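Enquirer: got a structure for you, letters missing:
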């Protein structure tokens, strides 16, 4: 097992190729340990060079509502008023701290997503 830091695109591609070869390694084996370490190195490299930003808060709410089979009335039950739900979904009203808490608790959307500016 030869593990080295991933410093550039070439190292990254080599790490991905090796990961593919040992992907089914048994946990606790030498290759299993290599797989675990490679996974950490690849994840760190991807987080640094290919960051994924959070979605727009309103789009995240709409997506989660769709997943849960919710409509505007269901969102109104979460945050209080149907008119307020409409204003939020149409980006005419910003989310308050209390709304963020309620949406997080009921729709399970991370607060990090909901607090972003939009």
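Expert: Right, received. Where do you want to start? Everything quoted here is computed from the prediction, not taken from an experiment.

Enquirer: list the helices and strands the host helix or strand of residue 74 packs on?
Expert: For residue 74, the element it lies in under DSSP states H and E is helix 72-79. When contacts are defined as 3 or more CB pairs under 8 Å, 6 or more residues apart in numbering; DSSP states H and E, helix 72-79 packs onto helix 57-68, helix 82-89, helix 97-107. C-beta coordinates here come from the backbone N, C-alpha and C atoms, glycine included.

Enquirer: let me have these in CSV, extended by mean neighbour count, mean pLDDT and distance to residue 15.
Expert: What follows is the helices and strands packed on helix 72-79, written out as CSV (neighbours: other CB atoms under 10 Å; pLDDT from 0 to 100; distance: least, CB to CB, whole Å):
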stretch, mean neighbour count, mean pLDDT, distance to residue 15
helix 57-68, 16, 97, 32
helix 82-89, 16, 96, 43
helix 97-107, 16, 97, 36
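
Enquirer: for residue 41, find the nearest of these.
Expert: Among the helices and strands packed on helix 72-79, helix 57-68 comes nearest to residue 41, with 29.9 Å by CB to CB.

Enquirer: please state the offset of that closest one from the chain centre?
Expert: Centroid separation for helix 57-68 versus its chain: 13 Å, with CA atoms, centre = their mean, to the nearest Å.

Enquirer: likewise stretch 92-112?
Expert: Relative to its parent chain, stretch 92-112 has a centroid offset of 16 Å by CA atoms, centre = their mean.

Enquirer: ok, and what's touching it?
Expert: 54, 57, 60-61, 64-65, 68, 70, 78-79, 84, 87-88, 114-115, 118 (CB atoms under 8 Å, 6 or more residues apart in numbering).

Enquirer: re earlier: could I get the helices and strands packed on helix 72-79 as a markdown table with distance to residue 42?
Expert: As requested, the helices and strands packed on helix 72-79 are exported to a markdown table (distance: least, CB to CB, whole Å):
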| stretch | distance to residue 42 |
| --- | --- |
| helix 57-68 | 27 |
| helix 82-89 | 38 |
| helix 97-107 | 30 |
